[in-house]
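[1] This is the structure alone, sequence omitted:
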Ligand code: SPD
């Protein structure tokens with residue numbers, strides 16, 4: 001009897017502990033987002049309103065996020081893949097469908113953008129657009145002019161792909177994104193080839209283009225360039241539009257005389273859409289929906305754009321975005337520039353592997 005009682009007690013207290021843990025888990029949300037991609041008070045506001053604490057980790061490349069997701073049990077309830085990577089991940093059943101009943105703020109999204117994004121997520125079943133932007137050139141105006149003169153081709157990829165130019169920039173520092181699936185398409189496009197070319201000769205030419213200028217590249221990194229541009233440690237970076245504007249703001253705040261500019265090269269540039277999605281094995285699905293719905297509020301989304309300086313996918317938020325950002329063509333490109341932008345496409349796994357191998361060679365310089 002005593003034993004039975006003891007076992008029952010044990011079982012009851014175990015049940016209590018499990019229920020307690022479940023309750024505690026509902027109050028914690030694990031989010032994995034790009035670095036420098038949220039306003040400083042967004043999480044605080046969400047927690048104050050819902051009581052849900054956010055454990056927030058960051059990454060700076062789709063490759064890093066993908067490795068975690070494909071390994072499974074990432075522990076994240078909400079992640080932010082770019083649409084081209086997500087397309088493949090949806091097919092691999094990495095995500096769960098969203099419950100629109102828990103997303104009443106869906107009505108605020110840009111309907112045209114949703115239509116466009118159906119290429120990666122048919123029926124917009126698994127994802128919500130967060131931010132988007134271009135991959136272009138950030139530069140320190142004074143240092144580039146000092147190295148190349150007043151006519152420096154800052155509005156062209158020639159600035160970096162012509163050895164005679166980049167050689168002169170080497171001394172003030174040049175950084176490239178550490179992302180084979182973004183950098184090789186840029187080189188392919190510059191050479192006049194499709195950004196997702198599977199042609200071995202074309203891919204070799206793109207590799208050769210990088211190898212030729214490799215000695216002039218200071219480093220490959222996908223987030224460090226923000227502070228390095230802002231404090232004058234480098235003079236040119238290939239990177240994400242909003243990141244360059246954040247560098248510009250930081251430089252202005254530091255009042256050390258550094259002026260950062262951003263250019264979308266005239267030959268065209270890649271554009272990306274980053275998406276909110278819930279992994280199939282997420283533990284706090286309800287909390288993830290609550291957070292997505294919170295992010296789709298116009299005033300919350302506009303505040304994020306106002307800080308990180310990437311445009312968002314929320315039409316209702318646009319009037320609340322600072323006018324100076326809304327009217328800056330480097331952030332919100334004109335229709336003419338939009339026509340020159342290409343979307344990074346969903347690359348077949350084999351091509352992604354080829355590009356990754358090529359990138360390893362490029363980085364090692366051999
Ligand atoms: N610091 C935030 C950068 C976000 C960039 N997303 C990039 C998507 C690349 N395809």
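    Done, it's in. Just so you know, these numbers come straight off a predicted model, no measurement behind them. Numbering: from 1, shown residues only.

[2] tell me, how many neighbours does residue 33 end up with?
    For residue 33, the neighbour count with other C-beta atoms under 10 Å is 20. Every residue, glycine included, has its C-beta placed from N, CA and C.

[3] Locate it within the secondary structure: which element?
    strand 28-34 (DSSP states H and E).

[4] That strand pairs with which strands?
    strand 53-59 (parallel), strand 78-79 (parallel) (DSSP bridges).

[5] need those in CSV with distance to the ligand and mean neighbour count, can you?
    Shown next, in CSV, are the strands paired with strand 28-34 (distance: least, C-beta to the nearest ligand atom, whole Å; neighbours: other C-beta atoms under 10 Å):
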stretch, distance to the ligand, mean neighbour count
strand 53-59, 9, 16
strand 78-79, 12, 26
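
[6] Quick one: closest of these to residue 197.
    strand 53-59 (27.0 Å; C-beta to C-beta).

[7] Which residues outside the closest one are in contact with it?
    27-38, 43, 46-47, 65, 76, 291 (C-beta atoms under 8 Å, 6 or more residues apart in numbering).

[8] helix, strand or coil for residue 198?
    Here residue 198 is coil, with the state taken from DSSP: H, G, I helix; E, B strand; the rest coil.

[9] Provide the secondary structure category for the closest residue to it other than its chain neighbours.
    If the residues on either side of it in the chain are set aside, residue 198 comes closest to residue 351, at 5.6 Å by C-beta to C-beta, 6 or more residues apart in numbering. Per three-state DSSP, the secondary structure class of residue 351 is helix.

[10] ok, residue 351 to residue 197 distance?
    Using C-beta to C-beta, to the nearest Å, residue 351 is found at 8 Å from residue 197.

[11] Over to residue 302?
    Residue 302 is 39 Å from residue 197, by C-beta to C-beta.

[12] Would you mind telling me which of the two has the busier surroundings?
    Ranked by neighbour count (other C-beta under 10 Å), residue 302 and residue 197 place residue 302 first, with 22 against 18.

[13] which residues does the closest residue in space to that one that isn't next to it in sequence contact?
    Distances taken as C-beta to C-beta, 6+ apart place residue 320 nearest to residue 302, at 3.5 Å, with adjacent residues excluded. Shown in contact with residue 320 (C-beta under 8 Å, 6+ apart): 298-299, 302.

[14] Considering the residues you listed, which is situated nearest to the ligand?
    The ligand lies nearest to residue 302 out of the contacts of residue 320, by C-beta to the nearest ligand atom, at 17.4 Å.

[15] what about the closest one, helix or strand, and which?
    Residue 302 belongs to helix 298-308, assigned by DSSP H and E.

[16] now the angle from that helix to strand 28-34?
    In terms of direction (axes from the mean of the first three to the mean of the last three C-alpha atoms, to 10 degrees), helix 298-308 departs from strand 28-34 by 40 degrees.

[17] contacting residues around the one residue in the stretch 251-366 of the chain that gets nearest to the ligand?
    The ligand sits closest to residue 272 of the stretch 251-366 of the chain, with a gap of 3.4 Å, by C-beta to the nearest ligand atom. When contacts are counted by C-beta under 8 Å, 6+ apart, residue 272 touches 82-84, 132-135, 182, 240, 343-344.

[18] Scan the residues you listed and report the most crowded one.
    The member of those that has the most neighbours, counting by other C-beta under 10 Å, is residue 240 with 32 neighbours.

[19] There's contact between that residue and residue 135 in this structure, I believe.
    Yes - with contact defined as C-beta atoms under 8 Å, residue 240 reaches residue 135; the gap is 6.1 Å.

[20] Around the ligand, pick out the residues from the stretch 151-300 of the chain.
    182, 240, 243, 272, 274 (C-beta under 6 Å from any ligand atom).

[21] Going by contacts, tell me the helices and strands next to the helix or strand containing residue 245.
    Using DSSP H and E, residue 245 falls within helix 241-254. Applying 3 or more C-beta pairs under 8 Å, 6 or more residues apart in numbering; DSSP states H and E, we find helix 241-254 packed against strand 127-140, helix 225-230, strand 260-263.

[22] wait, which of the ones you listed is closest to residue 283?
    Of all these, it is strand 127-140 that lies closest to residue 283, at 19.2 Å by C-beta to C-beta.

[23] Whatever helix or strand comes next after that closest one to strand 127-140, inter-axis angle?
    Using DSSP H and E, the helix or strand that directly follows strand 127-140 along the chain is helix 141-148. Angle of helix 141-148 versus strand 127-140, following the same axes, to 10 degrees, is 60 degrees.

[24] For helix 141-148, give me every contacting residue.
    Under C-beta under 8 Å, 6+ apart, the answer for helix 141-148 is 152, 154, 159, 165, 168-169, 171-172, 232, 235-236, 257-261.

[25] now swap in stretch 93-107 and tell me
    Stretch 93-107 is contacted by residues 69-70, 86, 89, 125-128, 277-280, 282, 285-286, 289-290, 292-294, 296-297, 316 when judged by C-beta under 8 Å, 6+ apart.

[26] mean confidence for stretch 235-249?
    Mean pLDDT, computed over stretch 235-249, is 98.

[27] in the stretch 101-250 of the chain, which ranges drop under the pLDDT threshold?
    Across the stretch 101-250 of the chain, nothing is flagged by pLDDT under 70.

[28] Show me what residue of it gets nearest to the ligand.
    As assessed by C-beta to the nearest ligand atom, the ligand sits closest to residue 240 within the stretch 101-250 of the chain, at 4.3 Å.
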